[in-house]
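Engineer: Below: sequence and its predicted model.
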Amino acid sequence: MSQFDLTPEQKDIRNAAREFARGEFPDRAREADVTQRCPRELYPMAADLGFQGLFFPEAYGGAGLGYLEFCLVSEEFWRVDPGLGQSLTSITFGADLLLLYGTEEQKQRTLPPLCTGKAIMGAAITEADAGSDITEVRTTAVLDGDEWVLNGTKMFITNGTLADFLIVYCLTDPDAPARHQRHSCILVETDRPGYAATKLLGKLGIRASDTAEVVLDQVRVPAGNLIGTRGQGFQQFMEFFNRTRLHVAAQGVGVAQGALDKASRHVKNREQFGRPLAALQGVQFKIAEMATRVEAARGLVYRAAAQVDAGTIDHGLIAMAKWFAGETGVRVTDEALQLHGGYGYLAEYDVERFYRDAKIVELYEGTKEVEKQIVARCILGKV
């Protein structure tokens, strides 16, 4: 199979991520799913091995690498366990926006602790009535002297109960004529009075990853916590999504490859009618189709990530990669469970967890419908 001409360094990173995940995840994954939390000892372990801040410049404690390298790590982590993989790769969620628009002081204050595992961050965008359409966000930030005062509620916030700081997308200019110029991004330290987060329990999948409802009640932060230009939050997050959708697309490839691995082992070891399931032509066809989809998705993701690293932001290609990889994750895990038969329905067989975990890739960072709309607009223009 093609390795997309990975460099020796990229292959080493991929192999190191694979070795770490295979060594540390299996004994913790099932319990993490049940308890709905990631074991805290994994955070510094991943940081010590250099998996945090791969795409941060060295000046901020990162490795000075790119999004393709981060995608390689995300894929390998999700290949072994999506819940733990999401927990460990989301420690830096939101950092892309700081790197693009943050001041030097903001970067120096927040990015180095992320690389050492001493801090966790997140981005608070979604609200109960503002999902795909973030222009409807109603959380407010009002400038009062030299402080912003934030009020509102955010929903489905990754790391909401764990984060040391969040980038909050909020309404700062409600009277601006253009709705795309009404919101701004503000850095909020979670230890400030008025910040409260409630962990959301009972998720379908990636239960080890922290997801929360966040309430901001008269939260005050310095005026200098504004990220970039006031009123440009929408444009900032559109560029942010062009990076983070790569991470998510890699997750889709990882969960699909992991499910394919499990299905391949099962059909070779399970006998029916006096011979291995793998000897049946129908089973062989399924495995061939699953493998082809995984390889196609991987090619899209690697190509899109490599282009971003080279300075080309192809909005349509990124959307293709995210949508197709997400669909691949869902379809391949479904087929993998089918190949396990009744055993796949038991928690004892990890494919059951992979089946539940895969669906989120079609939902967050832009639903598959949003991604298809982006692709269509890139081809057809405004019609």
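Structural biologist: All right, it came through fine.
Engineer: Surely Ala141 is within a strand?
Structural biologist: Yes: assigned with DSSP: H, G, I helix; E, B strand; the rest coil, Ala141 falls within a strand.
Engineer: Who does it form a beta bridge with?
Structural biologist: Ala141 has the following beta-bridge partners by DSSP bridges: Leu150.
Engineer: how many other residues sit next to it?
Structural biologist: Neighbour count for Ala141, taken as other Cβ atoms under 10 Å: 29. Bear in mind the C-beta positions are built from the backbone N, C-alpha and C, glycine included.
Engineer: what's the answer for Gly85, then?
Structural biologist: Neighbour tally, Gly85, other Cβ under 10 Å: 31.
Engineer: State the pLDDT value of it.
Structural biologist: Per-residue pLDDT puts Gly85 at 98.
Engineer: What of Ala304?
Structural biologist: At Ala304, the model reports a pLDDT of 98.
Engineer: and it, how far is that from Gly62?
Structural biologist: Per Cβ to Cβ, to the nearest Å, Ala304 is found 21 Å from Gly62.
Engineer: Same check on Val332?
Structural biologist: For Val332, the distance to Gly62 equals 32 Å [Cβ to Cβ].
Engineer: Compare these two (neighbour count), which wins?
Structural biologist: Neighbour tally, Val332 and Gly62, criterion other Cβ under 10 Å: the higher count belongs to Val332, 29 against 21.
Engineer: ok, that one touching Val294?
Structural biologist: Yes: counting by Cβ atoms under 8 Å, Val332 touches Val294, with 6.3 Å between them.
Engineer: Helix or strand with the lowest mean pLDDT in the protein?
Structural biologist: Of all helical and strand segments in the chain, the minimum by mean pLDDT, DSSP states H and E falls on strand 271-272, at a mean of 90.
Engineer: What strands line up against the next helix or strand after it, and which way round?
Structural biologist: Downstream of strand 271-272, the first helix or strand assigned by DSSP states H and E is strand 275-276. Partners of strand 275-276 in the sheet, by DSSP bridges, are strand 271-272 (antiparallel).
Engineer: how about the closest residue to Tyr67 other than its chain neighbours, phi and psi?
Structural biologist: Nearest residue to Tyr67, sequence neighbours excluded (Cβ to Cβ, 6 or more residues apart in numbering): Ala305, at 4.5 Å. The phi/psi pair for Ala305 (degrees, to the nearest 10) reads phi -70, psi -40.
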